[in-house]
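Student: Return atomic coordinates for the entry below.
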Amino acid sequence: MQRNERFDSADRIIRIGFWVNAVLMIFKLAAGYWGHSDAVFADGIESACDFVAIFSTMVALKLGRKPFDEQHPYGHGRAESLSALFVSLVILVTGGWILSDSIHSLIDRKFQNP
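Tutor: Got it, this is the predicted structure:
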């Protein structure tokens, strides 16, 4: 498989995942909010994190597709590594926020009836 074919295939798959995840994210956040379910809302937040990750991957693939040049004799592949680092940080921060919110709910005994 040639380099451009690989990027085209990955780009198509990522675009489909992007839109499917966007719809799931909206439904989960809405269901969690209006259903008063912290678990479903947290799952929606996790889907939002995936949404950011997929968007970051789309941008990285677009940058990585650029041809070799004088400043980048080995290509622009580092964009993919930086994207992975960014996604890792987003997941870490999101997980920390959900954990903190859950601990505060347990300590303050703020339980919601679904």
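Student: Could you pull out the helices in the chain for me?
Tutor: Ranges of helices in the chain, per DSSP state H, are 3-34, 38-64, 78-107.
Student: Return the most buried member of those helices.
Tutor: Ranked by mean neighbour count, the helices of the chain are led by helix 38-64 with a mean of 18 (mean count of other CB atoms under 10 Å). Where you see a C-beta, it was placed from the backbone N, CA and C, and this is true even at glycine.
Student: for it, the distance to its chain's centre please.
Tutor: Centroid displacement of helix 38-64 relative to its chain, using CA atoms, centre = their mean, to the nearest Å, is 2 Å.
Student: swap in stretch 95-107?
Tutor: The answer for stretch 95-107 is 20 Å, by CA atoms, centre = their mean.
Student: Same question for stretch 11-24.
Tutor: With CA atoms, centre = their mean, you get 11 Å for stretch 11-24.
Student: what does it rub up against?
Tutor: Outside stretch 11-24, the residues that touch it by CB atoms under 8 Å, 6 or more residues apart in numbering are 47, 50-51, 54-55, 57-58, 61-62.
Student: any idea which of those is closest to Ser100?
Tutor: Ser47 (19.1 Å; CB to CB).
Student: OK, contacts around Glu46?
Tutor: 94, 98.
Student: Please report how far the residue lying closest to Gly32 once chain neighbours are set aside lies from Asp101.
Tutor: Leaving aside its sequence neighbours, Gly32 sits nearest to Phe41 (CB to CB, 6 or more residues apart in numbering; 2.8 Å). Taking CB to CB, to the nearest Å as the measure, Phe41 falls 10 Å from Asp101.
Student: same deal with Ser56?
Tutor: Counting by CB to CB - Ser56 and Asp101 are separated by 24 Å.
Student: ditto for Ser83
Tutor: On the measure of CB to CB, Ser83 and Asp101 end up 27 Å apart.
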